[in-house]
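**Q** Kindly generate the corresponding structure for this input.
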Amino acid sequence: MVGYLSRWQGTGAFAAVSQGMAANMLTAAATVLSGIVTARYLGAAGRGELAALTTLPAFVSFVVTFGLPSSVVYHARRDAEKGAAVTAAALILALAAGAIGATGAYVAVPFVLTELAPEWLPAARALAVCVVLGSLSNVSMAVLQAQQRFIAFNYVRVAQPILQLLGTLLLGAAGWLTPLTAALVVLLAGVPGIVWTCGWIVARVRPAWAHWRAAARELSSYGARAYSAELLSALAAQVDRVIVVGIFAPAVMGMYVVALSLSRLVTMFPSAIATVLFPKASGRSQDDVLELTTRASGATLLVMGATALVLVALGPELLTLVYGADFEGAKVAFLLLLAEAVLTSLVQVQSQAFMALNRPGLITWQYGVGVAVAVPLLFLLAPQWGAEGAAAALLLASVARLACTHWCFTRVLGIEAPRMFASSVTVLRTVLAAARR
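**A** Residues are numbered from 1 along each chain as shown. Okay, the predicted model is just below:
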């Protein structure tokens with residue numbers, strides 16, 4: 001037991017994944033509880049209006065990263081001596097990109113949020129300024145990853161949903177919880193984390209502001225190739241909400257968002273692995289990267305399978321029991337989105353191998369296939385079948401992405417794709433043996 005605790009508190013891959021898993025569990029718990037509070041106080045229609053107000057700033061924050069987070073991790077790990085200059089360039093570029101994104105979001109509000117009541121449009125436009133905060137947050141968190149400060153990284157990640165939960169509880173108890181006040185809590189809960197992270201970066205990394213231009217050119221080279229993958233990743237993760245927010249009435253949108261949020265409980269473990277796998281695998285040989293990715297895929301499949309079975313048994317009833325009778329119609333959508341989350345998580349973990357091998361372009365193909373399948377299916381199925389149609393579109397897109405991922409391993413890289421089923425059996429045997437000991 002003492003040996004396990006020492007490994008958990010260390011700085012190795014096991015410790016980083018364990019800490020990330022714990023952080024994901026806390027994050028998921030706080031997010032679900034916050035969703036319950038807003039759903040109970042606002043109802044399905046109010047929850048849909050909240051989603052409409054927050055979807056565009058969150059989406060655009062990822063769109064305007066321009067490959068900076070991945071580029072920061074790659075270059076800082078490849079050449080530690082340039083880390084200070086790379087960090088300075090990344091922060092400056094993040095602020096500029098955020099300003100561009102905020103302007104674009106402000107202009108796009110009336111064209112995207114067509115189902116939102118007109119009286120909400122000025123507030124939605126004002127919230128576009130939060131794109132700057134989102135862009136800065138994405139890059140500053142990448143700096144923590146590059147420095148392998150996973151404990152600090154996880155503390156900052158956990159702080160945001162906890163502050164969001166506390167904020168919604170206080171507003172609800174005071175009778176001030178509305179879609180707008182809830183949106184302010186959601187979008188501003190990350191500010192303390194951004195302030196702390198930027199302060200830590202300035203004090204510990206000491207950005208070399210005088211050399212940021214030269215470092216910016218290096219960031220742009222890798223970032224330009226990684227950006228298409230990051231852009232398509234953002235589209236794959238949030239394009240459904242961006243599209244259906246202009247199709248669904250607020251009540252249907254509320255049901256869809258709640259089902260989506262509950263289904264994401266299954267992604268706690270794989271996201272922790274993906275966060276650690278990329279920086280740990282970067283700079284290693286192809287064989288080492290494949291071995292790490294295979295083991296990570298097997299562990300991911302094993303844990304997700306067990307978690308998914310529990311959610312299949314309990315999730316549909318939890319929707320109405322916890323969120324309320326307004327969300328009765330979200331049960332089928334939840335099951336479809338749960339299956340989609342499992343496939344998407346496997347793709348997320350295996351994609352880290354492409355990043356570590358300096359082949360980010362392969363992720364572009366992977367996510368491109370998913371988006372190419374998802375977008376037309378969303379427009380085709382969502383208007384007719386509502387939340388279930390949107391969920392089915394995402395599930396089919398995830399199947400296509402997983403198939404494309406394995407094609408990239410075997411046909412492009414010329415190596416065997418990660419044998420996740422065999423690896424999951426090996427992981428299970430190791431766990432059982434450890435439990436017996």
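
**Q** Go ahead and confirm residue 428 touches residue 299.
**A** No: in this structure, residue 428 is not within contact of residue 299 by Cβ atoms under 8 Å, at 9.4 Å. (Glycine included, C-beta is placed from N, CA and C.)

**Q** who has more neighbours, those two?
**A** The residue with more neighbours, out of residue 428 and residue 299 and counting by other Cβ atoms under 10 Å, is residue 299; that gives 23 against 15.

**Q** which residues does the more buried one contact?
**A** 269, 273, 423-424, 427 (Cβ atoms under 8 Å, 6 or more residues apart in numbering).

**Q** residues near residue 305, how many?
**A** Tallying neighbours of residue 305 according to other Cβ under 10 Å, which is how burial is gauged here, yields 12.

**Q** Tell me the predicted confidence for it.
**A** On pLDDT, residue 305 comes in at 82.

**Q** And for the one 10 residues further on?
**A** Residue 315 is assigned a pLDDT of 71 by the prediction.

**Q** Give the buried residues for the helix or strand hosting it.
**A** Using DSSP states H and E, residue 315 maps to helix 286-318. Counting neighbours by 16 or more other Cβ atoms under 10 Å, one finds that the buried residues in helix 286-318 are 289-290, 292-304, 307-308, 311, 315-316, 318.

**Q** chain center to the one helix or strand residue 403 maps to, what's the gap?
**A** Using DSSP H and E, residue 403 falls within helix 360-407. A distance of 17 Å separates the centroid of the chain from that of helix 360-407, by Cα atoms, centre = their mean, to the nearest Å.

**Q** The following helix or strand past it - contacts with which helices or strands?
**A** Counting by DSSP H and E, the next helix or strand C-terminal to helix 360-407 is helix 420-436. The criterion is 3 or more Cβ pairs under 8 Å, 6 or more residues apart in numbering; DSSP states H and E, and the helices and strands that helix 420-436 contacts are helix 286-318.

**Q** Quick check: residue 125 touching residue 104?
**A** No: between residue 125 and residue 104 no contact is recorded; they are 11.7 Å apart, counting by Cβ under 8 Å.

**Q** OK, contacts around residue 90?
**A** Listed by Cβ under 8 Å, 6+ apart, the contact partners of residue 90 are 68, 71-72, 139, 142-143, 219.

**Q** shaky segments in the stretch 151-300 of the chain?
**A** In the prediction, the stretch 151-300 of the chain carries residues with pLDDT under 70 at positions 221, 224-226, 229-230, 233-234, 236, 271-272, 274-276, 278-283.

**Q** one more time with 80
**A** Within the stretch 151-300 of the chain, the stretches falling below the threshold (pLDDT under 80) are 210-211, 213-239, 241-242, 245-247, 249-251, 265-290, 293, 297, 299.

**Q** any idea where the helices of it begin and end?
**A** If you assign secondary structure with DSSP state H, counting those that start in this stretch, the helices in the stretch 151-300 of the chain sit at 179-188, 191-200, 212-244, 250-263, 268-281, 286-318.

**Q** what's the closest of the contacts of residue 90 to residue 374?
**A** Nearest to residue 374 out of the contacts of residue 90 is residue 68 (Cβ to Cβ; 24.9 Å).

**Q** The longest helix belonging to the chain: what's the following helix or strand?
**A** Determined from DSSP state H, the single longest helix within the chain is helix 13-63. Tracing the chain C-terminally past helix 13-63 and defining elements by DSSP H and E, one meets helix 68-78 next.

**Q** What subset of the contacts of residue 90 is buried?
**A** With neighbours counted using 16+ other Cβ under 10 Å, these contain these buried positions: 68, 71-72, 139, 142-143, 219.

**Q** Columns distance to residue 162 on top of those residues, output as JSON lines?
**A** Putting the buried ones among the contacts of residue 90 into JSON lines (distance: Cβ to Cβ, whole Å) gives the following:
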{"residue": "68", "distance to residue 162": "27"}
{"residue": "71", "distance to residue 162": "30"}
{"residue": "72", "distance to residue 162": "26"}
{"residue": "139", "distance to residue 162": "22"}
{"residue": "142", "distance to residue 162": "22"}
{"residue": "143", "distance to residue 162": "22"}
{"residue": "219", "distance to residue 162": "32"}
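
**Q** closest to residue 404 among these?
**A** Within the buried ones among the contacts of residue 90, distances to residue 404 taken as Cβ to Cβ reach their minimum at residue 71, with 23.3 Å.

**Q** Model confidence score at the nearest residue to residue 162 once chain neighbours are set aside, please.
**A** Sequence neighbours aside, residue 30 is the residue nearest to residue 162 in space, at 4.9 Å (criterion: Cβ to Cβ, 6 or more residues apart in numbering). Reading off the confidence values, residue 30 has pLDDT 83.

**Q** Hmm, residue 30 is touching residue 167, no?
**A** No: here residue 30 does not reach residue 167: they are 11.0 Å apart, not a contact under Cβ under 8 Å.

**Q** Now flag whichever of the buried ones among the contacts of residue 90 is closest to residue 277.
**A** The shortest gap between residue 277 and any of these belongs to residue 142, at 14.7 Å (Cβ to Cβ).

**Q** Just to check, the closest one is in contact with residue 75?
**A** No: because the distance of 10.6 Å does not satisfy Cβ under 8 Å, residue 142 is recorded as not touching residue 75.

**Q** Can you tell me the number of residues neighbouring residue 320?
**A** Residue 320 sits with 15 neighbouring residues when counted by other Cβ under 10 Å.

**Q** residues contacting it?
**A** Applying Cβ under 8 Å, 6+ apart, one finds that residue 320 lies in contact with 327-328, 331.

**Q** roughly how far is stretch 247-260 from the heart of the chain?
**A** 20 Å.

**Q** And the contacts of that stretch?
**A** Residues from elsewhere that reach stretch 247-260 (Cβ under 8 Å, 6+ apart): 35, 39, 42-49, 51-52, 115-116, 240-241, 244-245, 319, 323, 326-327, 329-331, 333-334, 337, 382-383, 386-387, 390-391.
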